[in-house]
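> make a model of this:
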Amino acid sequence: MTKEKRKKKKMSKAKLIRIIITIVVILAGLSGLVLFLRKKVSEKYASKNESEIISAQVESGSISTTVYGSGQLSDDDVEEISIPDSVEIDGLKASPGDAVEEGDVLATVKMQSVITAMSEVQTQIDELDDQLEDAEDDEVESTIKANVSGRVKDIYASEGDAVMSVMAENNALMTISADGYMAVDITGSSLNEGAEVTVTASDDTEFSGTVKYVSGETAVVLFSDEALSAGDKVAVKDSDGNEIGSGQCYINSPVTVVGYGGTISSINVSENSSVSSGSSLISLTDTEYTVNFETLLKQRSKLEETLSDLLEIYKKGAITASISGSIKSVPDTEESSSTDNTDTDTDNSKVYTISPDKTMTVSVSVDETDILSLETGQEADITISSLGDDTYTGTITEINKTGTGSDGVTTYTASIQIEKQDGMLEGMSAEASIKIKSVDNTLMVAADAVNITSSSAYVYTTYDEEKDELGGLTEVTVGISNSSNIEIVSGLSEGDTVYYKEKTDSRNPFGGSFGGFGDSKMDFGNSNSMPGGSGNPFSGQGNPTSGDMPSFPGNK
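Numbers count the residues shown, from 1 in each chain. Predicted coordinates for the structure are as follows:
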């Protein structure tokens with residue numbers, strides 16, 4: 001071996017040793033880092049575990065449940081002063097925001113335009129009088145007859161009713177089943193078209209039925225219309241007698257009976273009676289006044305009001321305020337005027353609006369879980385952020401139970417009236433709080449300490465620090481609650497101590513999460529065990545395992 005080869009071999013051994021030393025150092029460093037991080041994590045969560053358990057005492061006091069909502073202010077009892085469009089305004093004497101007294105001049109007018117307008121309105125009244133004279137001899141038929149053969153199912157009219165009143169309320173006087181069948185929709189069944197079934201009414205009367213057709217998971221079943229009414233609940237059984245669904249029945253082929261004038265003197269048929277096309281259904285009196293005649297009378301009445309307004313303007317020589325208050329809006333004098341008022345159903349008036357400045361209303365949006373807890377006459381506390389921290393007392397005057405859905409949430413509207421104060425303006429945002437239930441001299445504890453299941457509520461009354469375990473599981477009966485406390489109806493006494501896990505964010509700083517007891521939060525809404533609640537969720541500590549759960553009465 002040459003000297004040069006021995007040198008290369010020696011150099012390779014030295015390089016290998018350096019590599020080994022480097023690897024050892026790196027591994028030692030990694031081991032130290034792992035031990036350090038493990039210690040830090042252990043210290044962090046060990047210290048947190050020591051502070052996770054909270055104790056709370058059962059105390060005596062008052063508790064109330066409150067519904068909250070928000071909305072905007074609007075003026076009440078706003079008065080409109082209409083100016084016929086043919087009247088020319090000479091000059092406005094009041095602007096929006098001005099305070100006015102009853103009788104104050106709001107605008108001056110050109111008197112010649114007022115005289116011309118009165119003449120035009122009188123001409124229209126004379127023309128209507130001629131039309132009324134021609135229509136006075138018109139009559140509607142004194143009998144309403146069936147236009148199809150079938151079975152009378154629903155009768156909305158009664159003797160003495162005005163035909164137009166019944167029509168306005170029901171859009172019909174009665175309904176006839178034209179094909180002899182009632183129908184019911186059954187979902188989630190495996191019925192086939194043409195299958196024979198049995199339909200059972202709530203009084204156990206049975207009818208033979210047939211599946212008319214199947215669409216998706218819904219089968220439409222037809223049966224005789226002899227007895228039941230639309231809306232009656234029925235059950236459907238298959239040929240083997242197994243119930244496969246239920247629903248409300250309806251008329252399969254409904255035909256409505258309508259009318260347009262007169263007063264009902266008699267109903268000549270009864271519900272579920274068979275009728276033939278052309279047979280008499282209803283007899284009428286007062287048939288001399290037709291719809292055309294009534295329409296003409298309404299047009300004449302409107303023209304009379306307009307003429308009266310014009311005479312008042314003519315006598316005063318100006319437009320004056322009808323009430324005291326503040327001006328909300330004034331006519332737009334730059335709009336073009338039209339002297340053609342032949343279409344009396346069209347409002348061609350310029351308008352002043354005046355607010356009496358006595359009361360305002362805030363229409364607040366209320367969650368679907370709370371709306372049924374509200375009643376008209378209930379008091380509400382109103383705060384208006386634009387006016388500071390003052391609280392105003394209002395009263396619920398109206399509850400609109402027609403819901404509005406958005407993103408899966410349905411809200412309703414409650415109108416709250418308050419006295420108008422200085423600084424309150426229409427459109428300001430307002431917050432409302434409505435106390436719906438309160439209890440005095442009752443036991444209560446922190447809401448977080450109570451765990452709720454579908455059939456019971458319970459608390460923990462002991463805590464073993466060494467084992468870090470909750471114990472003494474005790475069933476309680478709860479009442480109303482709010483965001484911080486819950487009423488204890490039974491199961492605990494004043495001064496008792498309960499323990500519960502603090503809600504902590506146990507996220508792992510290195511990704512994932514550290515699972516643990518008490519991390520879950522449950523929303524039980526308006527449970528039957530929580531009367532008078534306002535949708536406030538009880539945040540439990542998680543359900544105990546089956547081994548920890550005692551056999552409470554009624555639990556299954």
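> for the rest of this, base every contact and every neighbour count on C-alpha atoms.
Will do.
> list the strands paired with the helix or strand hosting Asn400, with their directions.
Using DSSP states H and E, Asn400 falls within strand 391-406. Next to strand 391-406 in the sheet, as set by DSSP bridges, lie strand 379-383 (antiparallel), strand 409-419 (antiparallel).
> closest to Asn272 out of these?
Ranking these by proximity to Asn272 (CA to CA) places strand 409-419 first, at 39.4 Å.
> could I get the buried residue list for the next helix-or-strand element following the closest one?
Moving toward the C-terminus from strand 409-419, the next helix or strand (DSSP H and E) is strand 429-446. Neighbour-count burial for strand 429-446, counted by 16 or more other CA atoms under 10 Å, picks out 429-437, 443-446.
> likewise for stretch 312-332?
In stretch 312-332, counting by 16+ other CA under 10 Å, buried: 313-314, 317-331.
> so which of the residues you listed belong to strands?
Using DSSP state E, the subset of the buried residues of stretch 312-332 located in strands is 318-320, 325-329.
> closest one of those residues to Tyr352?
So of those, ranked by how close each gets to Tyr352 (CA to CA), first place is Ser329, at 5.7 Å.
> now do the contacts for the closest one.
For Ser329, the contact set (CA atoms under 8 Å, 6 or more residues apart in numbering) comprises 95-96, 351-354.
> by neighbour count, which of these wins?
Ile354 (27 neighbours; other CA atoms under 10 Å).
> grab the nearest non-local neighbour of that residue.
Nearest residue to Ile354, sequence neighbours excluded (CA to CA, 6 or more residues apart in numbering): Ile327, at 4.7 Å.
> the one you found and Asp357 touch, don't they?
No. Using CA atoms under 8 Å, Ile327 is not in contact with Asp357, being 9.9 Å away.
> and Ser113, how many neighbours?
Quick note: Ser113 (other CA under 10 Å) scores 17 neighbours.
> ok, and what's touching the host helix or strand of it?
Ser113 is located in helix 111-135, with elements delineated by DSSP H and E. Outside helix 111-135, the residues that touch it by CA under 8 Å, 6+ apart are 84, 86-88, 290, 292-293, 296-297, 299-300, 303-304, 306-307, 310-311, 313-314, 317, 339, 342.
> let's see 7 Å
Defining contact as CA atoms under 7 Å, 6 or more residues apart in numbering, one finds that helix 111-135 is touched by 86-88, 293, 296, 300, 303, 307, 310, 314.
> quick check, nearest of those residues to Asp104?
Nearest to Asp104 among the contacts of helix 111-135, with distances taken as CA to CA, is Tyr314, at 15.5 Å.
> and the pLDDT for that closest one?
Per-residue confidence at Tyr314 stands at 86 (pLDDT).
> what sits against it?
Counting by CA under 7 Å, 6+ apart, Tyr314 has contacts 111, 114.
> any idea how many residues pack against Glu52?
So Glu52, with other CA under 10 Å, has 16 neighbours.
> before we move on, the earlier item: let me have the contacts of Ser329 in JSON lines, extended by secondary structure and distance to Glu159.
Formatted as JSON lines, the contacts of Ser329 follow (DSSP: H, G, I helix; E, B strand; the rest coil; distance: CA to CA, whole Å):
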{"residue": "Ser95", "secondary structure": "coil", "distance to Glu159": "55"}
{"residue": "Pro96", "secondary structure": "coil", "distance to Glu159": "53"}
{"residue": "Val351", "secondary structure": "strand", "distance to Glu159": "44"}
{"residue": "Tyr352", "secondary structure": "strand", "distance to Glu159": "45"}
{"residue": "Thr353", "secondary structure": "strand", "distance to Glu159": "44"}
{"residue": "Ile354", "secondary structure": "strand", "distance to Glu159": "45"}
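> just the buried ones from the contacts of helix 111-135?
Here, 16+ other CA under 10 Å leaves 86-88, 293, 296, 300, 303, 307, 310, 314 buried among the contacts of helix 111-135.
> what's in contact with the helix or strand that contains Ser55?
Per DSSP H and E, Ser55 falls inside strand 53-57. Identification of contacts with strand 53-57 by CA under 7 Å, 6+ apart yields 445-446, 495-502.
> quick one: which of the residues you listed is nearest to Lys401?
Ala446 (33.6 Å).
> now do the contacts for the closest one.
56, 484-486.
> partner residues bridging it?
Going by DSSP bridges, Ala446 forms beta bridges with Asn485.
> mind checking pLDDT for it?
92.
> for this protein, which spans come out with low pLDDT?
1-14, 25, 28-51, 136-140, 288-291, 334-349, 503-556 (pLDDT under 70).
> would you map the helices across it?
3-52, 111-135, 163-170, 291-316 (DSSP state H).
> between the contacts of Ala446, which sits nearest Asp75?
Among the contacts of Ala446, and counting by CA to CA, the member closest to Asp75 is Ser484, at 36.4 Å.
> number of nearby residues for the closest one?
Neighbour tally, Ser484, other CA under 10 Å: 13.
> list the contacts for it?
Counting by CA under 7 Å, 6+ apart, Ser484 touches 446-447.
> what's the distance between it and Thr65?
Plainly put, Ser484 is 11 Å away from Thr65 if you go by CA to CA, to the nearest Å.
> ok, Lys420 next?
27 Å.
> of the two, which one has the most company?
Higher neighbour count among Lys420 and Thr65: Thr65, with 21 against 18, using other CA under 10 Å.
> so where do the strands sit in the stretch 151-300 of the chain?
174-177, 181-187, 196-201, 206-215, 218-224, 233-237, 243-248, 250-251, 254-257, 263-267, 274-275, 280-285 (DSSP state E, counting those that start in this stretch).
> list the buried residues of the fifth one.
Buried residues in strand 218-224, counted by 16+ other CA under 10 Å: 218-223.
> mind checking which of the contacts of strand 53-57 are buried?
Using 16+ other CA under 10 Å, the buried members of those are 445-446, 497-502.
> okay, these in a markdown table with distance to Gly261 next?
Converted to a markdown table, the buried ones among the contacts of strand 53-57 look like this (distance: CA to CA, whole Å):
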| residue | distance to Gly261 |
| --- | --- |
| Val445 | 67 |
| Ala446 | 67 |
| Thr497 | 76 |
| Val498 | 74 |
| Tyr499 | 75 |
| Tyr500 | 73 |
| Lys501 | 73 |
| Glu502 | 73 |
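> among the residues you listed, which one sits closest to Val109?
Ala446 (70.3 Å).
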